[in-house]
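For reference, the sequence and a predicted model appear below.
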Amino acid sequence: ILALFALFAAGLWIGLGLLSCGWIAMALFTTRPVGDAMVTTIWGSSTSWTLTALPMFIWMGEILFRTRLSEDMFRGLAPWMTRIPGRLLHTNVIGCTIFAAVSGSSAATCATIGKMTIPELRARKYPEDMIIGTLAGAGTLGLLIPPSLIMIVYGVAADVSIAKLFIGGVLPGILLATLFMGYIVGWAWLNPDKIPQPPERPSFRQKLWASRSLLPTVGLIVAVLGSIYTGFATATEAAGLGVVGALLISWVQGSLTRATFTESLLGATRLSCMIALILSGAAFLTLAMGFTGLPRHLADWIDHLQLGRGGLIVALMVFYIVLGCFLDGISMVVLTMAVVLPMIERLGIDLIWFGIFIVLVVEMAQITPPVGFNLFVIQGMTGHQINYIARVTFPLFLLMCAAVAILFFVPGLATWLPAQMIG
């Protein structure tokens, strides 16, 4: 552990740091030849068919990031928000919820919706703290609502069906979005003078006409998630379907040019290579930990504490929140699975449910300083200090804690839909 943090503190890439730490563990504490173990493990982790969904979903998000999709979503959503307490503040939550279903990335969701809603809400004189706080919190839905990059990484690490993880994230994602919207409604009731009045109230016919702007997004969501749920396509095939749909939307909108196509492809390649390197390093570190016996000893130690399910979940939630102050979400998942999974399996906790729990607590890490990626994204767009953004986002952080508690007492939120899947 000391070697790992020393390597990270020195500025070494996370993937290379994991590989180096695994090499140190095997060289010092085992008699197994390190070279062939490293090569075999990296090859095995890199040739997983399940992993092919990852670059495709990343590419889909990169393509959509360069379209007018966010502007169209705002035009389609805004007329429906005029009668709800909080009015256009809800476009942050609903916009992030919808875009999360075609993105898979928290940072991309936050940036795409933020570049559209922040200027619009500022121009209408909405409170700055609520604009920033609701956007940072709702942006985390990019990890929970499928397709989710974190879910793919967890599915590969834990050998769990990614399709079932995707479907399992739907209801918890809706629950979290509902909690965020409830917070906005409650705040608006307590502060009615801070919500500007709309210039006019559109008629029902005008609302329906404006909703046509949502059709491309809704169609893509139905194509991707519907094909998985009905058993028509695997997660990897649905990712390919999503890329084709994203290219069609971009072409119809006129934003598909040689430059945007190349930029999206290079962006997806860079991010996919980074994640692949992290996964390879984590796979080798997992093997090294297995040879040292550390996961088994740690699981035995947890057993002796006799925490039970509730105690272990609370301990893990605190652990991941603290870890999220220093590492990004993907690194958190791959770095800890070798140690955590034996404890979870020993207590008989459902791995689909635990995957959704992991995603929820990783979401919290996206808005905790000093390494909160959503905080960095919003700082780049607004110029506010990290401490200010973290402070105005804290109420939504508490709502995420409440969502974890609800998920613990009502586990069916994460397991019922996957059990109903066709095929």
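Thanks, I have it. Source: prediction; values computed, not measured.

which helices and strands sit right next to the helix or strand hosting G245?
Assigned by DSSP states H and E, G245 falls within helix 235-253. Packing partners of helix 235-253 (3 or more CB pairs under 8 Å, 6 or more residues apart in numbering; DSSP states H and E): helix 53-65, helix 162-168, helix 215-229. To be clear about C-beta, it is placed using only N, CA and C from the backbone, and glycine gets the same treatment.

Quick check: next helix or strand after the lowest-mean-pLDDT helix or strand in the chain?
Within the chain, confidence by mean pLDDT, DSSP states H and E is lowest for helix 294-305 among all helices and strands, at a mean of 67. Using DSSP H and E, the helix or strand that directly follows helix 294-305 along the chain is helix 308-323.

Give me the phi and psi for F232.
Dihedral angles of F232 (phi, psi; degrees, to the nearest 10) stand at phi -70, psi -30.

low-scoring stretches of the chain, by residue?
For the chain, the stretches flagged by pLDDT under 70 are 50, 70, 103-104, 198-199, 294-300, 302-303, 325-328, 370-373, 422-423.

most centrally placed residue in it?
Central residue of the chain (CA atoms, centre = their mean): L143, 1.4 Å from the mean position.

quick one: that one and A108 touch, right?
No. Contact criterion CB atoms under 8 Å: L143 and A108 do not qualify, at 10.7 Å.

Run through the neighbouring helices and strands of the longest helix along the chain.
The longest helix of the chain (DSSP state H) is helix 258-292. Counting by 3+ CB pairs under 8 Å, 6+ apart, the packing neighbours recorded for helix 258-292 are helix 14-29, helix 34-46, helix 53-65, helix 149-158, helix 329-346.

how about it: buried residues?
Neighbour-count burial for helix 258-292 flags 260-261, 264, 267-268, 271-272, 275-289 (criterion: 16 or more other CB atoms under 10 Å).

just stretch 408-419 next, same as before
Buried, per 16+ other CB under 10 Å, within stretch 408-419: 408, 411, 413-415, 417-418.

cool, and stretch 110-121?
For stretch 110-121, burial by neighbour count (16+ other CB under 10 Å) applies to 110-114, 116-118, 121.

For the residues you listed, could you give me CSV that also reports distance to Y229 and secondary structure?
Below are the buried residues of stretch 110-121 laid out as CSV (distance: CB to CB, whole Å; DSSP: H, G, I helix; E, B strand; the rest coil):
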residue, distance to Y229, secondary structure
C110, 26, helix
A111, 28, helix
T112, 25, helix
I113, 25, helix
G114, 30, helix
M116, 29, helix
T117, 30, helix
I118, 34, helix
L121, 34, helix
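
What is the nearest of these to I313?
Closest approach between the buried residues of stretch 110-121 and I313, by CB to CB: C110, at 27.1 Å.

Quick check: that closest one touching G137?
No. Contact between C110 and G137 fails when scored by CB under 8 Å: they sit 9.7 Å apart.

contacting residues for the closest residue to K164 other than its chain neighbours?
Leaving out its chain neighbours, the residue that sits closest to K164 by CB to CB, 6 or more residues apart in numbering is P418, at 3.9 Å. By CB atoms under 8 Å, 6 or more residues apart in numbering, the residues touching P418 are 161, 164-165, 167-168, 352.

Pull out the buried members of those residues.
Buried by 16+ other CB under 10 Å: 161, 164-165, 167-168, 352, out of the contacts of P418.

export these to a markdown table and tack on distance to V39?
Below are the buried ones among the contacts of P418 laid out as a markdown table (distance: CB to CB, whole Å):
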| residue | distance to V39 |
| --- | --- |
| S161 | 28 |
| K164 | 32 |
| L165 | 29 |
| I167 | 36 |
| G168 | 35 |
| I352 | 32 |
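
if I look at the nearest residue to L141 once chain neighbours are set aside, how far off is M181?
Spatially, and ignoring its direct neighbours in sequence, L141 is nearest to A100 (4.4 Å; CB to CB, 6+ apart). Distance check for A100 against M181: by CB to CB, to the nearest Å, it reads 15 Å.

More neighbours: which of those two?
Just comparing A100 and M181: by other CB atoms under 10 Å the higher neighbour count belongs to A100, 32 against 21.

The more buried one contacts A107, correct?
No. Counting by CB under 8 Å, A100 does not reach A107; the two are 11.5 Å apart.

Which neighbours do those two have in common?
G142.

Which of the buried residues of stretch 110-121 sits closest to L307?
C110 (34.6 Å).

so who does that closest one touch?
Residues in contact with C110 (CB under 8 Å, 6+ apart) are 96, 135-136, 139-140, 142, 374, 377-378.

Would you point out the most distant pair within those residues?
G142 and I378 (13.5 Å).

So for the two, which sits in the more crowded spot?
The neighbour count for G142 versus I378, taken as other CB under 10 Å, is higher for G142 (33 against 28).

element containing that one, please.
Per DSSP H and E: G142 is located in helix 141-144.

which outside residues touch that helix?
Contacts with helix 141-144, where a contact means CB under 8 Å, 6+ apart, come from 96-97, 99-100, 103-110, 148-151, 169, 172-173, 176-177, 329, 356, 359-360, 362-363, 366.

Which of those residues fall within strands?
Assigned to strands by DSSP state E, none of the contacts of helix 141-144 qualify.

quick one: R32 from A25, how far?
Distance, R32 to A25, by CB to CB: 11 Å.

So for these two, which residues contact both of them?
Taking CB under 8 Å, 6+ apart as the criterion, R32 and A25 both touch F291.

So those two - more neighbours on which side?
The residue with more neighbours, out of R32 and A25, is A25; 22 against 12, by other CB under 10 Å.

Surely that one is in contact with M289?
Yes. A25 lies in contact with M289 (CB under 8 Å); the separation is 6.8 Å.

related to what we said a few turns ago, is it possible to export the helices and strands packed on helix 258-292 to a markdown table including distance to I386?
Shown next, in a markdown table, are these (distance: least, CB to CB, whole Å):
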| stretch | distance to I386 |
| --- | --- |
| helix 14-29 | 21 |
| helix 34-46 | 34 |
| helix 53-65 | 23 |
| helix 149-158 | 22 |
| helix 329-346 | 18 |
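
Need the three-state assignment for P202.
Classification of P202 using DSSP: H, G, I helix; E, B strand; the rest coil returns coil.

Find the nearest non-adjacent residue to it, please.
Take P202 and drop its neighbours on the chain: the residue closest to it by CB to CB, 6+ apart is P79, 4.4 Å away.

Distance of the one you found relative to F409?
Separation of P79 from F409 (CB to CB): 37 Å.

cool, R75 as well?
Taking CB to CB, one finds R75 at 39 Å from F409.

That's all I had, so thanks and see you.
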